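Asks: fold the stuff below for me.
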Amino acid sequence: MKMRVSAVQYHLHTIQSFEQFAKQVEHYVKTAQEFGAEFVLFPEFMTTQLMSIGDDTKEALTIDELPTFTEAYRSLFTTLAKQTNMHIIGGTHVVKKGDRLYNVAHLFYPDGTIAEQAKLHITPTEVNEWNMHGGDTLRVFPTTKGTIAILTCYDIEFPEIVRMARAKGADVIFCPSCTDDRHGFHRVRYTCHARAIENQVYVVTTGTVGSLPTVDFMRANFGQAAIITPNDIPFPPRGILAEGEINDDMIITADLDLQLLYDVRERGSVTTWRDRRTDLYTDWT
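Replies: Numbers count the residues shown, from 1 in each chain. Predicted structure coming up:
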């Protein structure tokens, strides 16, 4: 089984309306469609661009106002997924449940179904500046091409949660990300490689690029998309199927061969998934 995936290095810049946001999203989706992609990944916090629209006094919207765009966001991506017959991971969007804000990744299926995965591990900035809360449930998502999981940015830095996703059947981890400097970017990137090696899975990651000068904590972005493999003979030696140019507005595309994962799990140079020592450390059950 093969699946073609695209990852968008989404360019953040000031806009004046939701319609401008929708046209930018549509441009990326149609580009992925032209490449024959079956899955397209957008980055974390891409919808903070909507905060730059501002209010009547020209001040940027606050994080508490971002959930007012939820219905329009879901409608836009649902329509595009149905029109293109693609699975679209619409980055993350901030939603409000009760009196709490959550950073939620959305998977839009071609049939119009919407699935959600809240970010599980919340960074100090998200807590202290935006009063965000972490989700409490890990899901995996069956598709016609295979089982996937969506773990957002900081989540990928915790090996236990990726081990759980693999144990639940995920062969591909999609990791939408948003980092503001080289340190944060490399934390996410290096741990994406580690998780691919440990669990013998593919990891598809991308981040925001550009700048939102009027939006606090979104003024700086350092991002690069990458499609990452285990490091074994059937795959590229560096474990990279494709990667973008750092901080450029662009999209990358590659084919994931799931059969290669199954082969290396059984008879690879190393068999890290099979060889884990559950007699020494607790495994997911």
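Asks: how many residues are close by residue 77?
Replies: 23 (other C-beta atoms under 10 Å). C-beta coordinates here come from the backbone N, C-alpha and C atoms, glycine included.
Asks: and it, that's in a helix?
Replies: Yes: counting by DSSP: H, G, I helix; E, B strand; the rest coil, residue 77 is located in a helix.
Asks: make 399 the first number, not 1, from now on.
Replies: Okay, using 399 as the starting number, the last item reads as residue 475.
Asks: so what's it up against?
Replies: Applying C-beta atoms under 8 Å, 6 or more residues apart in numbering to residue 475 gives the contacts 423, 486, 488, 504, 506.
Asks: go through the residues you listed and flag which are in helices.
Replies: Assigned to helices by DSSP state H, the following of those qualify: residue 423.
Asks: taking the contacts of residue 475 together, which two end up most distant?
Replies: Within these, 423 and 504 form the most distant pair, 12.4 Å apart (C-beta to C-beta).
Asks: surely residue 562 touches residue 535?
Replies: No: at 10.9 Å, residue 562 does not count as touching residue 535 under the criterion of C-beta atoms under 8 Å.
Asks: settle it for me: which of the two has more neighbours?
Replies: Between residue 562 and residue 535, counted using other C-beta under 10 Å, the more crowded position is residue 562 (19 against 8).
Asks: not counting sequence-adjacent ones, nearest residue to the residue nearest in space to the middle of the chain?
Replies: For the chain, residue 574 is the residue whose C-alpha lies nearest the centre (C-alpha atoms, centre = their mean; 2.1 Å). Spatial nearest neighbour of residue 574, excluding adjacent residues (C-beta to C-beta, 6 or more residues apart in numbering): residue 442 at 4.3 Å.
Asks: count of neighbours near that neighbour?
Replies: 28.
Asks: quick one: contacts for it?
Replies: Residue 442 sits next to 489-490, 501, 503, 517, 550-551, 574-576, 605-606 when contact means C-beta under 8 Å, 6+ apart.
Asks: buried residues in stretch 606-623, which are they?
Replies: Residues 606-610, 612-613, 616, 619-623 are the ones in stretch 606-623 that count as buried (16 or more other C-beta atoms under 10 Å).
Asks: picking that back up, and the contacts of residue 442 as a markdown table, adding pLDDT?
Replies: As requested, the contacts of residue 442 are exported to a markdown table (pLDDT from 0 to 100):
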| residue | pLDDT |
| --- | --- |
| 489 | 97 |
| 490 | 98 |
| 501 | 98 |
| 503 | 98 |
| 517 | 98 |
| 550 | 98 |
| 551 | 98 |
| 574 | 98 |
| 575 | 98 |
| 576 | 98 |
| 605 | 98 |
| 606 | 98 |
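Asks: buried subset of these as a ChimeraX selection?
Replies: Selecting only the buried entries of those in ChimeraX, with 16+ other C-beta under 10 Å as the criterion:
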select :489,490,501,503,517,550,551,574,575,576,605,606
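Asks: that concludes my questions; thank you for your assistance.
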